[in-house]
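Peer 1: quick one, what's the 3D model for this:
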Amino acid sequence: MKLKKLLALAMAVVLVFALAACGGDTDSENGQESTSSSNGQSGDVATLTYAIWDKNQEPGMRAIADAFEAENPDIKINIEVTGWDEYWTKLEAAGTGGALPDVFWMHINNFRKYADAGLLEGIDTGKTDLSKFPSGLNELYTIDGTLYGIPKDFDTIGLWYNKTMFDEKGIAYPDETWTWDTLVEVAAELTDANSGIYGFAAPLDTQQGYYNFIYQNGGYVISEDKTKSGFDMPETIEAIQFYTDLINKYKVSPAYATLVETSNTNLFESGKVAMILQGSWMVTEMKSNEYTHDNADVAVLPMGKERASIYNGLANAVASTSKNKEAAMKFVYYMGTEEANITQAKNGSAIPAYENTQQPWIDYTTFFSLDKYVDMLDYAVIYPTSKSRPKWDVVENDTMRKIFAGELSVEDGCKLIAEEMNAILAEE
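Peer 2: The predicted structure is shown next:
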């Protein structure tokens, strides 16, 4: 398989990863040395490695692990945090050498690669109540009837706005009545290009950008049966045209080149942009930044022909190669319980996926209107994907760059994406 060929190339990295993964970790209570390897045992204690990529969520994951360890004194959880990019590099290398962490976060962008390679253990659905999770998340991590990860959280996309900039202009804050027209009108009022101030930022982004507009306009990225691209639909082309018009026609957004050099988040945090789209995973960033902490809030997305907000979610997966598979499964089933999801919420880690456990996450940060993120789940659209997404994702990104750079018209570019995407989908 192509994956195995790719993984073989990473063999040199495996040695580095394996040494790091097998390094000693001192227990702070008893001073004894215990291995953090996925194969490690300390006496009669099974030691599991739990790999994640978000340092901001570590306290919440640690709280869950502590509660689990209290109920299962024969199992120890070592949490390994690695940044997003390096996380996937290490995971691929570990997969080559059979040294995957026992339990790890899985994202839909990489799920099929690991599942198809037989590196993920199937979940016994009789030991968890899947009806408590959004059905779309269950489907994301299911192949031919087998679930390969229990949903951990979900995320939607919200409209962040600068309250101070709105107040200075005497403009009412965004609310549920906003439409695309409202967005353009208000963004124009807030724009002062001569001063480098813009009302909105429209970066080249899928989940936090034009995907939301596609579905709000009645279009789609991929058909429900995963056989056809929606990029050549008039509704999709119209939506992307509107999104890019925010830069080129209405001029309420910084230029594409500017947004390549400086992220929309940085522009928002420096008071250069009044509104941006951000996923719920960015709440910690908004809280930790002094400027946005004092000046920003979040609202639901403006409405097109219909309401829509792209949603996605992570899953906790177990390595099929784990030497402590029974203990690893026990931990993953625990993380799928109401108790564990409430613990995650109380620590502000992410919006928990388990039904009716979101309120503590909302309450954790009272100065932002985080309930809006949860409210949008009612009409949210699951992140569009398919088995061959890694292939057509490259086509989409490369062509969209040309559209944003003005090298291709929106219509020509979208039709090109559809043509190449359909050819890829036909091979699935």
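
Peer 1: next SSE downstream of the strand or helix carrying K90?
Peer 2: Using DSSP states H and E, K90 falls within helix 84-96. Reading on from helix 84-96 to the C-terminus, the next helix or strand found by DSSP H and E is strand 103-106.

Peer 1: quick one: contacts of that next one?
Peer 2: 48-53, 91, 114, 120, 141, 148-149, 152, 314-319, 322, 328, 331-332 (Cβ atoms under 8 Å, 6 or more residues apart in numbering). Bear in mind the C-beta positions are built from the backbone N, C-alpha and C, glycine included.

Peer 1: where do the helices of the stretch 101-250 of the chain begin and end?
Peer 2: 108-116, 135-140, 163-169, 180-190, 211-216, 234-248 (DSSP state H, counting those that start in this stretch).

Peer 1: just those helices: most buried one?
Peer 2: Mean neighbours per residue, mean count of other Cβ atoms under 10 Å, is largest over the helices of the stretch 101-250 of the chain for helix 211-216, with a mean of 26.

Peer 1: so S320 makes contact with L119?
Peer 2: Yes. With contact defined as Cβ atoms under 8 Å, S320 and L119 form a contacting pair (5.7 Å).

Peer 1: neighbour count winner among the two?
Peer 2: Neighbour count, other Cβ atoms under 10 Å: between S320 and L119, L119 has more, with 21 against 18.

Peer 1: so N217 touches I237, yeah?
Peer 2: No. With contacts counted by Cβ under 8 Å, N217 stays clear of I237, the gap being 9.4 Å.

Peer 1: can I get the helices of the stretch 101-250 of the chain in a markdown table including distance to V394 and mean pLDDT?
Peer 2: Listed next are the helices of the stretch 101-250 of the chain as a markdown table, based on distance: least, Cβ to Cβ, whole Å; pLDDT from 0 to 100:
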| stretch | distance to V394 | mean pLDDT |
| --- | --- | --- |
| helix 108-116 | 12 | 94 |
| helix 135-140 | 20 | 95 |
| helix 163-169 | 37 | 98 |
| helix 180-190 | 29 | 98 |
| helix 211-216 | 17 | 98 |
| helix 234-248 | 18 | 98 |
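
Peer 1: for L301, find the nearest of those helices.
Peer 2: Between L301 and the helices of the stretch 101-250 of the chain, the shortest gap by Cβ to Cβ is with helix 211-216, which sits at 5.9 Å.

Peer 1: which helices and strands does the closest one pack with?
Peer 2: helix 234-248, strand 310-311 (3 or more Cβ pairs under 8 Å, 6 or more residues apart in numbering; DSSP states H and E).

Peer 1: how many neighbours does E326 have?
Peer 2: 11.

Peer 1: quick one: low-confidence ranges for the chain?
Peer 2: Scanning the chain for pLDDT under 70 picks out 1-43.

Peer 1: same thing but 90
Peer 2: 1-44, 428 (pLDDT under 90).

Peer 1: where do the strands sit along the stretch 1-150 of the chain?
Peer 2: In the stretch 1-150 of the chain, the segments counted as strands under DSSP state E, counting those that start in this stretch are 24-26, 33-35, 41-42, 45-52, 75-81, 103-106, 142-143, 146-147, 150-151.

Peer 1: can you put those in CSV and add distance to C414 and mean neighbour count?
Peer 2: Listed next are these as CSV, based on distance: least, Cβ to Cβ, whole Å; neighbours: other Cβ atoms under 10 Å:
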stretch, distance to C414, mean neighbour count
strand 24-26, 51, 12
strand 33-35, 53, 15
strand 41-42, 55, 14
strand 45-52, 36, 24
strand 75-81, 39, 20
strand 103-106, 30, 25
strand 142-143, 29, 16
strand 146-147, 34, 17
strand 150-151, 32, 27
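
Peer 1: rewinding a little: tell me the buried residues within the contacts of strand 103-106.
Peer 2: The neighbour count (16 or more other Cβ atoms under 10 Å) marks 48-53, 91, 114, 120, 141, 148-149, 152, 314-319, 322, 328, 331-332 as buried among those.

Peer 1: my read: A188 touches S253, true?
Peer 2: No. Using Cβ under 8 Å, A188 is not in contact with S253; the gap is 10.8 Å.

Peer 1: can you list residues touching both of these two?
Peer 2: Common neighbours of A188 and S253, counting by Cβ under 8 Å, 6+ apart, are G199.

Peer 1: of the helices and strands packed on helix 211-216, which approaches G406 most closely?
Peer 2: Per Cβ to Cβ, nearest to G406 of these: helix 234-248, 7.6 Å.

Peer 1: ok, and what's touching that closest one?
Peer 2: Contact with helix 234-248 is made by 180, 184, 187, 200, 202, 209-210, 213-214, 216-221, 230-231, 252-256, 304-305, 403-404, 406, 410-411, 414-415, as judged by Cβ under 8 Å, 6+ apart.

Peer 1: may I see the ChimeraX selection of the buried members of the residues you listed?
Peer 2: Of the contacts of helix 234-248, the buried ones go into a single ChimeraX selection, burial set by 16+ other Cβ under 10 Å:
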select :180,184,187,200,202,209,210,213,214,216,217,218,219,220,221,230,231,252,253,254,256,304,403,404,410,414,415
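
Peer 1: so I403 makes contact with E411?
Peer 2: No. I403 is not in contact with E411 according to Cβ under 8 Å; the separation is 9.5 Å.

Peer 1: how close does F133 sit to F154?
Peer 2: As for F133, its distance to F154 is 8 Å (criterion: Cβ to Cβ, to the nearest Å).

Peer 1: for these two, list the residues in contact with both.
Peer 2: Common neighbours of F133 and F154 (Cβ under 8 Å, 6+ apart) are A353.

Peer 1: what are the buried residues along stretch 115-133?
Peer 2: Neighbour-count burial for stretch 115-133 flags A115, A117, L119, L120, E121, I123, T128, L130, K132, F133 (criterion: 16+ other Cβ under 10 Å).

Peer 1: one more: stretch 339-351?
Peer 2: With the criterion 16+ other Cβ under 10 Å, stretch 339-351 contains buried residues A340, N341, I342, T343, Q344, A345, K346, N347, G348, S349, A350, I351.

Peer 1: got phi/psi on the residue nearest to S320 when sequence neighbours are not counted?
Peer 2: Of all residues beyond its chain neighbours, the one nearest S320 is E121 (4.6 Å), with distances taken as Cβ to Cβ, 6 or more residues apart in numbering. Note on E121: backbone dihedrals following degrees, to the nearest 10 are phi -80, psi 140.

Peer 1: you'd agree E121 is up against E326?
Peer 2: No. Counting by Cβ under 8 Å, E121 stays clear of E326, with 10.6 Å between them.
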